[in-house]
Every structure is written in structure tokens, then in C-alpha cells.
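> Kindly return the folded structure for what I paste below:
(one chain, ligands or ions: 4)
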Amino acid sequence: MTRCHLQEVFSSVQGEGPYVGCRQIFIRLAGCNWHCNFCDTPGNARPASFSIEKSPGQRDFMNLTNPVNAEKLASLIKGYYDLKTHHSISLTGGEPLLQTDYLIKLIPLLAGTRQGIYLETNGTLPDKLREIIDLVAMVSMDIKLESSTGTATPWELHHRFLQVAAQKKVYVKIVITSATSSAEIKKAAELISSVNPAIELVLQPVTPKGGCGLPTAEQVLHWQSVALDYLTNVRVIPQTHLMLGQL
Ligand SMILES: C[S@@+](CC[C@H](N)C(=O)[O-])C[C@H]1O[C@@H](n2cnc3c(N)ncnc32)[C@H](O)[C@@H]1O
Ligand SMILES: Nc1nc2[nH]cc(C(=O)O)c2c(=O)[nH]1
Ligand code: SF4
Ligand SMILES: [Mg+2]
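Ligands and ions are numbered 1, 2, ... in the order given. Got it, this is the predicted structure:
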């Protein structure tokens, strides 16, 4: 039986990127293969328990033991939330693609939302994406810049990842900080354009954390125009859920 380590499950509105405001069920898997200084959800890869909010917005969390099998998780979700009022199910983390065997079992049990599965991923595991791309409707892919992670940007992995993701609805998100450089934005925009210049790029100003500070207004507008030399659609959208008190 395939079982998974989770961090949390809740119903909220998508707070980032072009689907902002869409009602989603968030399933946050545990464990990550990357390290971003700004990460707002770091955590243990094997937590003993996870929490599930029973009534959206009420913060009436119940703690359950990890790992959990797919049938149990699907029946909890269907018991607490009405799938048909939800735009989609966000698979996030941590890095959800670290547990693809589990997702292959879980996703078919969660049919009934309006648009299906929304995958939120760091864009570094193209071979794992290939295993589940047929089960996913939308991909939110990050490009991870060295200036905010301390690790060299995995350009080749990101390129292969985007080629697979482009089979479905996909947009690319880059968290920008005061340390971001124009050269990084140019290289990212060139990479996206080489797959398809119509793929949308969202520049997401960091919510300050881990020594990462906000870029200036001048920096943000400059990087947007750099990216627009290569791409049709480049938007600047910050995280919005925090200001709404949403999870
Ligand atoms: C927590 S990650 C989980 C999914 C996957 N590991 C990834 O990085 O895309 C979800 C999204 O939150 C973004 N994020 C995390 N911390 C942030 C912060 N402090 N400010 C802005 N965005 C942040 C990530 O860049 C990513 O797009
Ligand atoms: N409301 C809300 N929107 C989000 N968009 C991406 C999130 C994530 O952590 O994956 C997230 C999240 O944690 N909450
Ligand atoms: S890849 Fe995602 S979950 Fe992992 S450290 Fe970076 S922001 Fe956090
Ligand atoms: Mg988040």
C-alpha cells in the first residue's frame, strides 16, 4: 500500500499567480529536494502527524498520524469539503513530485472539482513530472534563482521540465528579491521563450523571510521589461492570501 507523509490539508483561495482567487483544496506533502532561503513552508520530510482543517476558515484542525494511504485521505477530503464548489486541488509542499507513486493512486480518487489537479512545483524533477503529467490539468512551475537559494540554478532541469509541462496549462513563477539580477531574469525569460514565448511568467516579489528582502519598485519594473523582450505575458503578482488572513 502506498502511503504518504503530509504536512497539512485545507480549503482556501489560491493566493499566487494567474489563478489567484480560485477556490482550492490544498494538499501539502512533506519533504523537499531544494532549499530556498525565503521558503515559507520548510519542514521535516517525515513528520509524525499532519493537520486537516475540518471547516474552511474555522481553524478547527484535527491532527492525524502519518503516513496516510490514498483511500483514507480521499475519504477525509470528500467528507469535509464539497469538491464541486472547488476550482481545483492544489498539490503542493514541500515538493509534491517526490511522492509520485502516491499521487498516481490519489488523483483518480479526487475527481469532481471543476478543473481538476493544479500542481505547484519547484520545476526540478522532469522525470517525475512525466510520470503524472497525464493526471494533471495545470502546472505552476517555479524557476529557482541562485541569488535566493545559494544553489546554482538548474537551468537544464528547468528546461526539460517546462518542455514536459507545456503539454498542459502551465505558467512559470519566479520569486524575486532585492538580490535578484537582471542577468538571471534574462536567462529565465530566454529559457521560457525557447519552449514557447506565449507561456506566462509571473514575477512574485518575496514575502520577506530568511534574509530575503523586497526588491525596489524600480528593480521590479526593470526586470518586467527585460522579460518582456522575450515573452508575450509577464505579470508582477505578490502573495495575496496573507493579507486576507487565508491559509
Ligand atoms: C512553498 S512552495 C511549494 C511548492 C514547490 N516546492 C515550489 O517551490 O514551487 C509554493 C510557492 O510558494 C513560493 N514561496 C515560498 N516562500 C515564499 C515567500 N517567502 N515569498 C514569496 N513566495 C514564496 C514558492 O516559490 C512557490 O512558488
Ligand atoms: N492561499 C494560498 N495560496 C497558495 N499558493 C501557493 C501556495 C503554496 O504554498 O503552495 C499557497 C498557500 O499556501 N496558500
Ligand atoms: S522548493 Fe518550494 S518547498 Fe522546497 S524550499 Fe523551495 S519554496 Fe520551499
Ligand atoms: Mg504557501
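> Briefly note if stretch 175-194 comes near ligand 2.
No. Stretch 175-194 stays clear of ligand 2 (CB under 6 Å from any ligand atom), getting no nearer than 11.3 Å. Any C-beta I mention is one placed from the backbone N, CA and C, and that applies to glycine too.
> Is there proximity between that stretch and ligand 1?
Yes. Under the criterion of CB under 6 Å from any ligand atom, ligand 1 is reached by stretch 175-194 at residue 175.
> What residues of that stretch count as buried?
175, 176, 177, 179, 180, 184, 185, 188, 189, 191, 192, 193 (16 or more other CB atoms under 10 Å).
> how about those, which pair is most distant?
179 and 193 (23.9 Å; CB to CB).
> What is the longest helix of this structure by residue count?
helix 182-195 (DSSP state H).
> what about the nearest residue to residue 18 once chain neighbours are set aside, helix or strand, and which?
Nearest residue to residue 18 in three dimensions, chain neighbours excluded: residue 171, at 5.6 Å (CB to CB, 6 or more residues apart in numbering). Applying DSSP states H and E as the criterion places residue 171 in strand 169-176.
> what comes up buried for stretch 205-224?
So, applying 16+ other CB under 10 Å, buried residues of stretch 205-224: 205, 206, 212, 215, 219, 220, 223, 224.
> Let's see which of the residues you listed end up in helices.
Going by DSSP H, the helices hold 219, 220, 223, 224 from those.
> wouldn't the second one be in contact with residue 205 here?
Yes. The pair residue 220 / residue 205 is scored as a contact, 6.4 Å apart, by CB atoms under 8 Å.
> picking up where we left off before, counting neighbours, what do you get for the residue nearest to residue 18?
19 (other CB atoms under 10 Å).
> Let the chain start at 523 from now.
Got it, first residue is 523 now, which makes that one residue 693.
> List the contacts of it.
Residues counted as contacts of residue 693 (CB atoms under 8 Å, 6 or more residues apart in numbering) are 539, 540, 661, 662, 663, 721, 722, 723, 724.
> mind putting those residues in JSON lines, neighbour count included?
Formatted as JSON lines, the contacts of residue 693 follow (neighbours: other CB atoms under 10 Å):
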{"residue": "539", "neighbour count": "21"}
{"residue": "540", "neighbour count": "16"}
{"residue": "661", "neighbour count": "24"}
{"residue": "662", "neighbour count": "24"}
{"residue": "663", "neighbour count": "24"}
{"residue": "721", "neighbour count": "19"}
{"residue": "722", "neighbour count": "17"}
{"residue": "723", "neighbour count": "24"}
{"residue": "724", "neighbour count": "21"}
